[in-house]
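1. give me the fold of what follows.
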Amino acid sequence: MGTPEFAVPSLQALIRAGEEVIAVVTQPDKPKGRGKRLASPPVKELALRYNIPVLQPVKIRDEGFISIMKDLRPDIIVVIAYGKILPKAVLDIPPQGCINVHASLLPKYRGAAPINWAIINGEKETGVTTMLMDEGMDTGDILLTERISIKPEDTTADIHDRLKHVGATLLVETIKGVQSRTLRPIPQAHAQATYAPMLKKEDGRIDWGMGPQEIINLIRGLNPWPGAYTRWQGMQLKIFKAEVISSEFGVWSSEVKTIEPGTIINISADGICVAAGRDALLITELQPENRSRMSASEFIRGYKIGKGQIFD
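-> Reported below is the predicted structural model:
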């Protein structure tokens, strides 16, 4: 049971490992792009290439769907970014349990957006956890974990692309351990749990009162979606890359603590220097509203942006 690209390597790994995948459950096809043509979830596309039956229930609690699942008699159900909470009627079907592949080091970052929030919060590492599912939100007993480091320049897209392969490898190892009964489930330390709620577009609004590193973490954590943004001259600007500036940058260094956050301090070939908190950052890549991404130097050449102007 899975839907987006993150789940594809795991399905591929199960097939290559010789596991008998008797069905794939994924979300219904949805309109996509300007033409709003129906598009299949990535997991469905892979399943069809291997002639695996695909189920796409509109409602996961539908009695007809649950009846079909019972008739399939799966030994194990694997759930990876499916997108809906499974009812007890589904969780109870497989005798060896429902195994979830979650993109965090549980009990940290339970919820829908664990990669984003780990980066936004400045974590230095994250990983994948496999667990036995229960009725809670990512609260089941832990089976295996795999850690990776988060580099200073990593975005959500970078970590997503690494973890989807880490998760696939860990899943195959987990399945073998469950089948051989060599894995001992470990209860989570619930008191240490943190949460990663689903992101909204408004979560991307930059508060220039934050420190530069916090803003950079927000930019990285919301790349590619929903994107960190600010407003300038009535226009929305998405910010994709920025750097912390040395306090020795330019003549403003002795006065930066008195400058209103969001004020453009300097314009140069290197980018747009902006007051952030009691310090500053340098914007190096951005995207004007209804335009393509561009370097800050390209933006400066095409728009009348200058020192003293204010974002937001």
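2. would you map the helices across the stretch 1-150 of the chain?
-> In the stretch 1-150 of the chain, the segments counted as helices under DSSP state H, counting those that start in this stretch are 8-16, 42-49, 63-72, 88-91, 114-120.
3. got those helices as a markdown table, with mean neighbour count and mean pLDDT columns?
-> No exception for glycine: its C-beta is placed from N, CA and C like everyone else's. Shown next, in a markdown table, are those (neighbours: other CB atoms under 10 Å; pLDDT from 0 to 100):
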| stretch | mean neighbour count | mean pLDDT |
| --- | --- | --- |
| helix 8-16 | 19 | 98 |
| helix 42-49 | 19 | 98 |
| helix 63-72 | 14 | 98 |
| helix 88-91 | 16 | 98 |
| helix 114-120 | 25 | 98 |
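4. relative to residue 210, which of those is closest?
-> The minimum distance between residue 210 and the helices of the stretch 1-150 of the chain falls on helix 114-120, with 11.0 Å, by CB to CB.
5. pull the residues that contact that closest one.
-> The contact list for helix 114-120, computed with CB atoms under 8 Å, 6 or more residues apart in numbering, reads 102-104, 108-109, 111, 126, 150, 154-156, 159-160, 163, 196-197, 199, 217-218, 220-222.
6. mind checking which of those residues land in strands?
-> Counting by DSSP state E, the part of the contacts of helix 114-120 found in strands is 102, 126.
7. buried by neighbour count, from the contacts of helix 114-120: which ones?
-> 102-104, 108-109, 111, 126, 150, 154-156, 159-160, 163, 196, 199, 217-218, 220-222 (16 or more other CB atoms under 10 Å).
8. quick one: contacts for residue 281?
-> Counting by CB under 8 Å, 6+ apart, residue 281 touches 212, 215-216, 242-245, 273-274.
9. which PyMOL command selects the buried ones in those residues?
-> For the buried members of those, the matching PyMOL selection, counting by 16+ other CB under 10 Å, is:
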select buried, resi 212+215+216+242+244+245+273+274
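10. now the contacts of residue 281 in CSV, with pLDDT, secondary structure and distance to residue 66?
-> Converted to CSV, the contacts of residue 281 look like this (pLDDT from 0 to 100; DSSP: H, G, I helix; E, B strand; the rest coil; distance: CB to CB, whole Å):
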residue, pLDDT, secondary structure, distance to residue 66
212, 95, helix, 51
215, 98, helix, 46
216, 98, helix, 46
242, 97, strand, 49
243, 95, strand, 52
244, 92, strand, 53
245, 86, coil, 57
273, 96, strand, 58
274, 95, strand, 54
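11. any idea how many residues pack against the closest residue in space to residue 68 that isn't next to it in sequence?
-> In space, and not counting its chain neighbours, residue 68 is closest to residue 55: 6.7 Å by CB to CB, 6 or more residues apart in numbering. By other CB atoms under 10 Å, 15 other residues sit near residue 55.
12. quick check, residue 55 in contact with residue 67.
-> No. Counting by CB atoms under 8 Å, residue 55 sits too far from residue 67 to count as a contact (11.6 Å).
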